[in-house]
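K.L.:
Dropping the sequence and predicted coords here.
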Amino acid sequence: MNWPISELDDVRRLRALHAALPGTLLSETVVPADFDRIWAELSDLEHSFLNYTPSITSIQITERNGERMRAQVRDRIGLRALFEVVLRSGWCLMQSRYVVFGMAAARTGEGTRVGYLLGLRLPGMRLYGRLLTPLLQPIGGSIMRGFSRRWTEHHE
């Protein structure tokens with residue numbers, strides 16, 4: 001029997017992850033720039049990626065094993081967390097004990113579609129996640145607007 005096969009690009013995979021994780025926000029934008037240029041900047045977690053995350057001040061990769069890594073992340077108020085990271089072309093997923101973060105990029109006819117996922121990993125998220133998501137949505141929207149503005153104004 002021939003079953004239909006469907007391939008998901010990385011942004012669609014991020015949407016599926018968002019649907020499975022209560023209490024996460026997902027923001028997307030299309031940027032009129034080349035995928036390779038965008039992903040080179042986004043995947044540089046320790047340096048240029050920090051331009052897009054207002055609350056994170058540093059990311060230090062502490063261990064690498066192919067596409068899997070560990071990273072120490074520090075935020076503006078001095079909190080630190082150890083994250084498990086999967087990073088490959090077009091896909092990044094970072095998870096700590098309490099936070100999940102992801103980003104993805106896919107080529108489109110208009111440029112590159114970029115997705116950003118952020119959420120908390122706390123007990124009760126299945127029950128309370130829908131209440132939390134609207135509170136997080138402005139963060140994702142702000143990051144995507146800043147990302148679009150930066151690529152539209154500075155990288156043409």
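P.N.:
Everything's here; your move.
K.L.:
okay, and the helix or strand of the protein with the least pLDDT?
P.N.:
Every helix and strand in the chain was compared by mean pLDDT, DSSP states H and E; the lowest is helix 125-154, with a mean of 65.
K.L.:
what sits against the residue positioned nearest the centre of the chain?
P.N.:
With distances taken as C-alpha atoms, centre = their mean, the residue of the chain nearest its centroid is Met103 (2.3 Å). By C-beta atoms under 8 Å, 6 or more residues apart in numbering, the contact set of Met103 is Leu14, Leu42, Trp91, Cys92, Val114, Gly115, Tyr116, Leu117. To be clear about C-beta, it is placed using only N, CA and C from the backbone, and glycine gets the same treatment.
K.L.:
Same check on Ile59?
P.N.:
When the contact criterion is C-beta under 8 Å, 6+ apart, the partners of Ile59 are Leu45, Glu46, Phe49, Leu50, Ala71, Gln72, Val73, Arg74.
K.L.:
ok so, going back, Thr62: which of the contacts of Met103 is nearest?
P.N.:
Among those, Cys92 lies closest to Thr62 (C-beta to C-beta), at 16.3 Å.
K.L.:
can you confirm that closest one is in a helix?
P.N.:
No: counting by DSSP: H, G, I helix; E, B strand; the rest coil, Cys92 is not part of a helix but strand.
K.L.:
Going along the chain, name the helices of this structure.
P.N.:
Secondary structure of the chain by DSSP state H: the helices cover 10-20, 35-42, 125-154.
K.L.:
For Gln60, state which of the contacts of Met103 is nearest.
P.N.:
For the contacts of Met103, the residue nearest Gln60 by C-beta to C-beta is Cys92; the value is 15.7 Å.
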